[in-house]
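> Model the following, please.
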Amino acid sequence: MSSQSTARMWGVFDETGIFISLCQHGYILNIVDMVGSGELSKYPLAIVESLLDAFGANLGGGYDIGCQFGTTLSKSALGDHAKALGYRSLVGSFHGHAHNWQCQLSNLATYMANIHNSKLHQICSSWSSGG
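Below is the predicted model:
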């Protein structure tokens, strides 16, 4: 086998990290391997699609760049489906207060009707506490 073919074959294992989603209770819902790239939009888009397929309408997802991701989602092929199901892209309190007031009013869970006060930065604390 040529070295070029071998390199291409093993390239599928070039993991650069994982992208996960947690429920409000801290349980892992999705794990996506990031392969050969950094944190690209395709990873949260895949997770949102999976969550919409599994749980249906009226979901909200917190993401440290939720304001930017909301725009990305709306312009993607998944955008109309997510809008029809009432998906909301949210930011955690740290991002919302550090960013600007318009982002806070549009994307901070505190100001959303029917969304309880959930820790949207739970992933960081889950990893740092070891569980």
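
> I'd like to know how far the residue sitting nearest the centre point of the chain sits from A57.
By Cα atoms, centre = their mean, the mean C-alpha position of the chain lies nearest to P44, the distance being 4.0 Å. According to Cβ to Cβ, to the nearest Å, P44 and A57 sit 19 Å apart. Using the backbone N, CA and C atoms, a C-beta is placed for each residue, glycine as well.

> and if you look at S106?
20 Å.

> So V32 sits against T16, correct?
No. Checked against Cβ atoms under 8 Å, the pair V32 and T16 is beyond contact range at 11.6 Å.

> what comes into contact with the longest helix along the chain?
Assignment by DSSP state H gives helix 42-55 as the longest helix of the chain. For helix 42-55, contacts defined as Cβ atoms under 8 Å, 6 or more residues apart in numbering pick out 19, 21, 29-30, 32, 34, 59, 61, 63, 69, 72-73, 76, 78, 81-82, 85, 87.

> Just these: which are in strands?
F19, S21, L29, N30, V32, M34, G61 (DSSP state E).

> Nearest to Q4 among those residues?
Nearest to Q4 among the ones in strands among the contacts of helix 42-55, counting by Cβ to Cβ, is M34 at 24.0 Å.

> List the contacts of the closest one.
E15, T16, G17, I18, F19, L40, Y43.

> Of those residues, grab the buried ones for ChimeraX.
Here is the ChimeraX command that picks out the buried ones among those, judged by 16 or more other Cβ atoms under 10 Å:
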select :19,43
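
> quick one: buried residues of the helix or strand hosting C67?
Secondary structure assigned from DSSP states H and E places C67 in helix 66-75. Applying a neighbour-count criterion of 16+ other Cβ under 10 Å, one finds G66, C67, F69, G70, T72, L73 buried in helix 66-75.

> That helix to helix 42-55, inter-axis angle?
Calculated by axes from the mean of the first three to the mean of the last three Cα atoms, to 10 degrees, helix 66-75 forms an angle of 70 degrees with helix 42-55.

> what pLDDT, on average, does helix 66-75 get?
Mean pLDDT, computed over helix 66-75, is 90.

> got the CA coordinates for that helix in CSV?
Provided in CSV are the C-alpha atoms of helix 66-75 (Å, rounded to 0.1, in the frame of the first residue of the first chain):
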residue,chain,number,x,y,z
GLY,A,66,-25.2,31.2,20.8
CYS,A,67,-25.9,34.6,19.3
GLN,A,68,-23.6,33.9,16.3
PHE,A,69,-24.8,30.3,16.1
GLY,A,70,-28.4,31.4,16.0
THR,A,71,-27.6,33.3,12.8
THR,A,72,-25.7,30.4,11.4
LEU,A,73,-28.6,28.0,12.2
SER,A,74,-31.2,30.2,10.6
LYS,A,75,-29.1,30.5,7.4
